[in-house]
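>>> Here is the input, now give the coordinates:
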Amino acid sequence: MKDRPYFKLLYFDGFAGSGVIDPTDDGDPYELIEGVAKRILDITEPRAFDTYYFVEKNKNNADRLRELIKVKYPNKPQAGVVHGDCNVKLIDLAAYMRRDENKKVRSLAFLDPYGMQLSWNSLLSLRELPVDTWILVPTAIGVGRLLRRDGVIEPALMDRLKDFLGMEEVEIMNHFYQRKTTPTLFGPEETVNKIPDVTERIAALYTDRILQAGIFKYASKPRILKNSIGLPMYHFVLYTNKESGLRIADTIKT
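Below you'll find the predicted structure:
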């Protein structure tokens, strides 16, 4: 967008945190890592965002980020921090983008929940909008952990799966489990087993559902985030309605 100054750029961060990450137990300030919010605020070339909207559900983190912006970025009065729920604010963002007076606004959304806090219904509100959206999909650490091997999933956990995937229970069971009937002395016995390679299947399903629902037209190649022993935990994907955005995302080196 560097050659299109007539468009206003809005950055939306649904899980903004405090602006810094402390990887140590003792809170050594020299070990702090810059969070995404701070890195975004530091961008000036080829152009900065015109508006920054940071959402954080933890009040303490929201207050810390607000103070960081006040002290470090006094020249960015257009950077706001909201203590609230990302799902509610995503729907608000969609309503804002659909207003006639905001037709010249383009948005980049960054959604990196630790788990399954992102609701399918809030994503639906972004359908066909000019909001390029990076999503950290909790494939193994979220969905994978709730899909028990024997298929016995507590109602509360099933509700979380339904809310995150936008699917009904029978669809989830049919997609991730295989049923097998075995003859026994006392009659046929049915067993339920989780399918193999479930992590990759979760990632593919989530993207397929987003594209099929028409929320976005394109999805980038996923970046796979692994734990210390090399097991996939998250899939990081850009969803967009612009082919140009897709090309850029797929050329980013990690």
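>>> where exactly do the helices run in this protein?
Using DSSP state H, the helices of the chain run over residues 36-42, 59-72, 86-98, 120-124, 145-146, 155-165, 169-176, 198-212, 243-251.
>>> So which of those helices is nearest Ile224?
With Cβ to Cβ as the criterion, Ile224 lies closest to helix 198-212 of these, at 8.2 Å. Bear in mind the C-beta positions are built from the backbone N, C-alpha and C, glycine included.
>>> Which strands and helices lie in contact with the closest one?
Where contact means 3 or more Cβ pairs under 8 Å, 6 or more residues apart in numbering; DSSP states H and E, helix 198-212 is packed against strand 131-137, helix 155-165, helix 169-176, strand 218-219, strand 232-240.
>>> Please repeat the previous calculation with a cut-off of 10 Å.
Contacts defined by 3 or more Cβ pairs under 10 Å, 6 or more residues apart in numbering; DSSP states H and E place helix 198-212 against helix 120-124, strand 131-137, helix 155-165, helix 169-176, strand 218-219, strand 223-226, strand 232-240.
>>> Mind giving me the packing neighbours of the longest one?
Under the contact criterion of 3+ Cβ pairs under 10 Å, 6+ apart, the helices and strands touching helix 155-165 comprise helix 120-124, helix 145-146, helix 169-176, helix 198-212.
>>> now what about it, what contacts it?
Defining contact as Cβ atoms under 10 Å, 6 or more residues apart in numbering, one finds that helix 155-165 is touched by 87, 113, 115-123, 137-138, 142-143, 145-148, 153-154, 167-169, 171-173, 175-176, 202, 205-206, 209.
>>> Same question for the fourth one.
Surrounding helix 169-176, the residues in contact under the criterion Cβ under 10 Å, 6+ apart are 143-144, 146-147, 151, 153, 155, 158-159, 161-162, 165, 167-168, 179, 192-195, 198, 201-202, 205.
>>> same check, this time on the shortest one
Contacts with strand 218-219, where a contact means Cβ under 10 Å, 6+ apart, come from 132, 135, 206-208, 210-211, 237-247, 249-250.
>>> can you rerun that using 7 Å?
Thr207, Ile210, Leu211, Val237, Tyr239, Thr240, Glu243, Leu246 (Cβ atoms under 7 Å, 6 or more residues apart in numbering).
>>> mind checking how far the first one is from Asp250?
As judged by Cβ to Cβ, to the nearest Å, Thr207 and Asp250 stand 14 Å apart.
>>> and if you look at the second one?
Applying Cβ to Cβ, one obtains 17 Å for the distance of Ile210 from Asp250.
>>> Likewise for the third one?
With distances taken as Cβ to Cβ, Leu211 is found 16 Å from Asp250.
>>> Who has more neighbours out of the two?
Neighbour count, other Cβ atoms under 10 Å: between Leu211 and Asp250, Leu211 has more, with 14 against 11.
>>> mind checking pLDDT for the nearest residue to that one once chain neighbours are set aside?
Excluding the flanking residues, the one nearest Leu211 by Cβ to Cβ, 6 or more residues apart in numbering is Ala219, at 6.3 Å. Looking at Ala219, its pLDDT stands at 97.
>>> what about Ala219, how many neighbours?
18.
>>> now Ile248
Other residues within reach of Ile248, judged by other Cβ under 10 Å, total 14.
>>> any idea how far it lies from Thr191?
47 Å.
>>> circling back: want to try JSON lines for the helices and strands packed on helix 155-165, with distance to Val81 and mean pLDDT as columns?
Below are the helices and strands packed on helix 155-165 laid out as JSON lines (distance: least, Cβ to Cβ, whole Å; pLDDT from 0 to 100):
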{"stretch": "helix 120-124", "distance to Val81": "19", "mean pLDDT": "97"}
{"stretch": "helix 145-146", "distance to Val81": "31", "mean pLDDT": "94"}
{"stretch": "helix 169-176", "distance to Val81": "36", "mean pLDDT": "94"}
{"stretch": "helix 198-212", "distance to Val81": "28", "mean pLDDT": "95"}
